[in-house]
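1. Sequence below, structure please.
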Amino acid sequence: MSKQDNLQEADGNEEINITELNSESETSENQNDAQEDAVEEVNEVENEIEASDDSANEESVTEDEEPVAEKSDAKQTKADNHVDEIDEANAEDAEDEDNTDRHNLEDKDYHAMSMEKLTEEFEWLLKNKKIQTIKSHVDEIKSEFNSKFSEILEEKKEEFLADGGNEIDFYYSSPLKKQFNSLFKDYRNNLNAYYKTLETNLKANLEKRLEIIEEIKGLINVEENINTTYKHFKDLQEQWRNAGPIPRDKYNNAWNTYHHHVEIFYDFLHLNRDLRDMDFKHNLDQKLKIIERAEELAQDDNTNRSFRELQVLHKMWKEDLGPVDREHREAIWERFSNATKTIHDKRQAYYADVDKAQEANLEKKELIISKIEEIAKDDGNTHQTWQKKIKAIEALREDFFKAGKVPLKVNEATWAKFKAVVRTFNKKKNNFYKSLKKDQYTNLQKKLDLIKIAEDNKDSDDYETVTPLMKKIQNDWKQIGHVPRKDSDKIWKQFKAACNHYFDKLHAERKAENKVEFEAFDKKAKLLDSLKELKLSGKAEQDVETLKQKIEEWKNIGNVPQNKRFIEGKFNKTIDGLFSSLKMDKTEVEMIKFENKLDNLSQPDDTRLLDNEHNFIRKKIDEVKGEINQLENNLQFFTNIDETNPLVKDVLNNIENHKNNLALWEEKFRKLKELY
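-> As a prediction, the model looks like this:
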């Protein structure tokens, strides 16, 4: 046992009163020897605060009251596994009490977040958390943001080069990147200011603590009433507790040196057993409470929470409490150390499970990368094919970001491999669309040639010659493929205007010469009035036949003047209403109504109305398909698709209705195409 551990031997078999200490002549030879021993120990440890970091670590693994030399190598190694981790964490937090707030920050999957969401998270941390507590979160956010921006930058560069640009001229700017950089600049400036202030405070606090240690050392040599010395000692302890944080690399050495000299003082204080035993009892009671709480934490399955509270317990043990009687010292430290080890082992097991989960995530990401490689190998030769491939890659890309974290040692390599396969795909995609653009410019020239023909003939009066020509170039227009998107609407409007000008002129002239159309209008007006008064029999087949006869009668009347065409709409509305009142299959009714509509739209010399209907139906088909896709995507948000679930049932019914609607529109489209 070391000299410090012998302090309990000062108790002896005889009680010594404080009043006896007031008379130097009454001091026994043994008491003088004890004081000389204490002074000698002070001299031995005067420079202990300058000890190496290795020495500090060795001291920190034992109970604070016990000297390092007491512990065997085996016990030292054992303690290293679970107590060092606590001491190191407490040393880090000791620089600033607010440092512990970093443990309370919610861990989030920044890898799965978009750049917009990462920027929002960064801004929230800056506004709501202390600057010194968010470093690990900021580092991860910055890494993920830069990786994602780098990916976008590479894509933009590939597109720029694919469009024929020179690499030296490439430049890409993002408002989001500027916002992120501004936030990071604020973070860095605030953090630097914080550490500058902290460094000054830590140095001052360390100097104060060293002064306190020196004063405690000086108490051994003071010749004064022991009560006065003890009161001075307690005052120094209170000053120590309030001295503030110190640099983490000095934390363990400073505390171990402090406790060492506190023990020496208690060696000196062995002359008054009452004062010493009172402190020993208080320290024992408090340390037993700490042990009981540590043993409770050892049963808690929340390993991170247990570890954080265990840090606090070790801090209390080390910083707030002094030594206990020798007969309890080894036993209570063993209990506390065992509880600490249990929590440590559970925490290590937790991180082992995290490692396994990250290995599983790595397998997922490697599988996603291989799928992207397979898609990139296949060279598509149509726009539709590439659009499907692009959607597939985008879905895999989303899956990659949602797959979770991978082991840190392979994180960069996995990310680099992912970017490489995506880059390969993008190069092939860009090459295809670069080639496609050449074809589109060829198509553009063909359509410009048709526009010239249409504009050259739009004012012609040679209707017999020009009408077939205008119909032909309209058909040729449909056969020509896509043009560049920026030109598409412009040239279509130009071509349509020329064609409409010609056919409007043709129709105006013909209708002005045809008085029969006005007579037809009068007949149709009378027929329409009779329809409004028509009473159906209630028998579906009979009523359908009646309505078909009315439609045939309407058609046989002939065309009406252009400015009277509104009557066709009224007729269709009335007929539709009558059909809707029939008790028969709605789809069949809808097709009968549509066939009637097509009869009215069909003109021998003009396909414009049919063209408009053609475009309208095609647009409706696309819209319904889009709604079906959206509803089917919504189903994916249900982790378990239970058809008895009202929400799921509603979505499924909605999908079925849309599919029926789609089938009807597609049937109409087939009917319409038969007229071309």
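
2. for stretch 168-185, which positions count as buried?
-> Using 16 or more other C-beta atoms under 10 Å as the test for burial, stretch 168-185 gives 177, 180, 183-184. (Each C-beta comes from the backbone N, C-alpha and C, glycine too.)

3. for the longest helix along the chain, packing partners?
-> Assignment by DSSP state H gives helix 326-377 as the longest helix of the chain. Secondary-structure packing of helix 326-377 (3 or more C-beta pairs under 8 Å, 6 or more residues apart in numbering; DSSP states H and E): helix 73-94, helix 273-297, helix 303-315, helix 383-402, helix 408-457.

4. thinking again about what came up before, show me which of the buried residues of stretch 168-185 is closest to residue 128.
-> Nearest to residue 128 among the buried residues of stretch 168-185, counting by C-beta to C-beta, is residue 183 at 13.3 Å.

5. Secondary structure element for that closest one, which one?
-> Element membership of residue 183 [criterion: DSSP states H and E] is helix 175-218.

6. If you compare the directions of whatever helix or strand comes next after that helix and helix 273-297, what angle comes out?
-> Sequence order places helix 226-241 as the next helix or strand after helix 175-218, per DSSP H and E. For helix 226-241 against helix 273-297, the angle by axes from the mean of the first three to the mean of the last three C-alpha atoms, to 10 degrees is 30 degrees.

7. tilt between the helix holding residue 183 and helix 226-241?
-> 170 degrees.

8. how much distance is there from helix 175-218 to the middle of the chain?
-> Centroid separation between helix 175-218 and its chain, computed with C-alpha atoms, centre = their mean, to the nearest Å, is 31 Å.

9. And for stretch 523-530?
-> Taking mean C-alpha positions (C-alpha atoms, centre = their mean), stretch 523-530 and its chain are 67 Å apart.

10. Now do that stretch: everything it contacts.
-> With C-beta atoms under 8 Å, 6 or more residues apart in numbering as the test, stretch 523-530 has contacts from 550, 553-554, 557, 560, 567, 570-571, 574.

11. got the buried residues for that stretch?
-> 524, 527-528.

12. try stretch 467-485
-> Neighbour count says stretch 467-485 has 467, 470, 473-474, 477, 483 buried, by 16+ other C-beta under 10 Å.

13. Then stretch 331-341?
-> Using 16+ other C-beta under 10 Å as the test for burial, stretch 331-341 gives 332-333, 335-337, 339-341.

14. domain ranges for this protein?
-> Split into domains by automatic domain parsing, the chain comes to 4-14+42-95+204-351, 110-193, 357-436, 437-512, 603-676.

15. Can you point out the buried residues in stretch 148-161?
-> Buried-residue list, stretch 148-161, by 16+ other C-beta under 10 Å: 148-149, 151, 155, 157-160.

16. how about TSV for these, with distance to residue 448 added?
-> Formatted as TSV, the buried residues of stretch 148-161 follow (distance: C-beta to C-beta, whole Å):
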residue	distance to residue 448
148	42
149	41
151	39
155	33
157	33
158	31
159	27
160	28
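
17. Which member of those is positioned nearest residue 431?
-> Nearest to residue 431 among the buried residues of stretch 148-161, with distances taken as C-beta to C-beta, is residue 158, at 9.6 Å.

18. And the strand or helix carrying that closest one, how far out from the chain middle?
-> Following DSSP H and E, one finds residue 158 within helix 135-162. Relative to the mean C-alpha coordinate of its chain, helix 135-162 is positioned 15 Å out (C-alpha atoms, centre = their mean).

19. Could you list every helix and strand that it packs against?
-> Using 3+ C-beta pairs under 8 Å, 6+ apart, helix 135-162 sits against helix 115-128, helix 175-218, helix 408-457.

20. before we move on, the earlier item: name the stretch from the domains of the chain where average model confidence is lowest.
-> When the domains of the chain are compared on average pLDDT, domain 4-14+42-95+204-351 comes out lowest at a mean of 73.

21. Contacts only, for the most centrally placed residue in the chain.
-> By C-alpha atoms, centre = their mean, the chain has its centre lying nearest to residue 113, at 2.5 Å. Taking C-beta under 8 Å, 6+ apart, we find residue 113 in contact with 121, 144.

22. sorry, back to before: tell me which two of the buried residues of stretch 467-485 sit farthest apart.
-> Taking C-beta to C-beta, no two of the buried residues of stretch 467-485 sit farther apart than 467 and 483, at 26.2 Å.

23. related to what we said a few turns ago, so which of the domains of the chain gets nearest residue 581?
-> domain 603-676 (19.2 Å).

24. distance of residue 188 from residue 178?
-> Using C-beta to C-beta, to the nearest Å, one gets 16 Å for the distance from residue 188 to residue 178.

25. what do you get for residue 127?
-> According to C-beta to C-beta, residue 127 and residue 178 sit 19 Å apart.

26. do residue 252 as well
-> For residue 252, the distance to residue 178 - C-beta to C-beta - is 45 Å.

27. Residue 299 too?
-> Distance from residue 299 to residue 178, by C-beta to C-beta: 52 Å.

28. so residue 393 makes contact with residue 425?
-> Yes: at 5.8 Å, residue 393 and residue 425 qualify as touching, with contact defined as C-beta atoms under 8 Å.

29. Identify the contacts common to the two.
-> Shared contacts of residue 393 and residue 425, counting by C-beta under 8 Å, 6+ apart, come down to 372, 375.

30. show me the contacts for residue 480.
-> Contacts of residue 480 (C-beta under 8 Å, 6+ apart): 443, 446-447, 450.

31. what two of the residues you listed have the greatest distance between them?
-> 443 and 450 (10.7 Å).

32. neighbour count winner among the two?
-> residue 450 (19 against 16; other C-beta atoms under 10 Å).

33. That one and residue 478 touch, don't they?
-> No: at 10.6 Å, residue 450 does not count as touching residue 478 under the criterion of C-beta under 8 Å.

34. for the helices and strands packed on helix 326-377, which one sits closest to residue 200?
-> helix 73-94 (16.4 Å).

35. Report the secondary structure state of residue 404.
-> coil (DSSP: H, G, I helix; E, B strand; the rest coil).

36. Give me the nearest residue to it, chain neighbours excluded.
-> Once flanking residues are discounted, residue 404 sits nearest to residue 361: 4.1 Å by C-beta to C-beta, 6 or more residues apart in numbering.

37. How about residue 506?
-> residue 463 (5.8 Å).

38. same check, this time on residue 517
-> residue 561 (4.7 Å).

39. Quick check on that neighbour: phi, psi?
-> phi -60, psi 150 (degrees, to the nearest 10).

40. Quickly name whichever of the contacts of residue 480 is closest to residue 634.
-> Nearest to residue 634 among the contacts of residue 480, with distances taken as C-beta to C-beta, is residue 443, at 38.0 Å.

41. In contact with that closest one, which residues?
-> Applying C-beta under 8 Å, 6+ apart, we find residue 443 in contact with 480-483.

42. Please apply the same query to residue 258.
-> So residue 258 contacts 209, 212-213, 216, 240 (C-beta under 8 Å, 6+ apart).

43. buried residues in the helix or strand in which it is found?
-> Using DSSP H and E, residue 258 sits within helix 248-268. Going by neighbour count (16+ other C-beta under 10 Å), the buried part of helix 248-268 is 248, 250-268.

44. could you give the angle of that helix to helix 175-218?
-> Using the same axes, to 10 degrees: helix 248-268 against helix 175-218 is 20 degrees.

45. Send me helix 248-268 as CSV with only the CA atoms.
-> Only the C-alpha atoms of helix 248-268 are listed here, as CSV (Å, rounded to 0.1, in the frame of the first residue of the first chain):
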residue,chain,number,x,y,z
ARG,A,248,-9.3,18.9,-21.5
ASP,A,249,-5.6,17.8,-21.8
LYS,A,250,-5.0,19.1,-18.3
TYR,A,251,-8.3,17.8,-16.8
ASN,A,252,-7.3,14.4,-15.4
ASN,A,253,-3.8,15.6,-14.2
ALA,A,254,-5.3,18.5,-12.4
TRP,A,255,-8.0,16.5,-10.7
ASN,A,256,-5.7,13.6,-9.8
THR,A,257,-3.1,16.1,-8.4
TYR,A,258,-5.9,17.9,-6.5
HIS,A,259,-7.2,14.6,-5.0
HIS,A,260,-3.7,13.5,-4.2
HIS,A,261,-3.0,16.6,-2.1
VAL,A,262,-6.5,16.3,-0.5
GLU,A,263,-5.5,12.9,0.7
ILE,A,264,-2.2,14.2,2.0
PHE,A,265,-4.1,16.8,3.9
TYR,A,266,-6.3,14.1,5.4
ASP,A,267,-3.1,12.3,6.4
PHE,A,268,-2.1,15.5,8.2
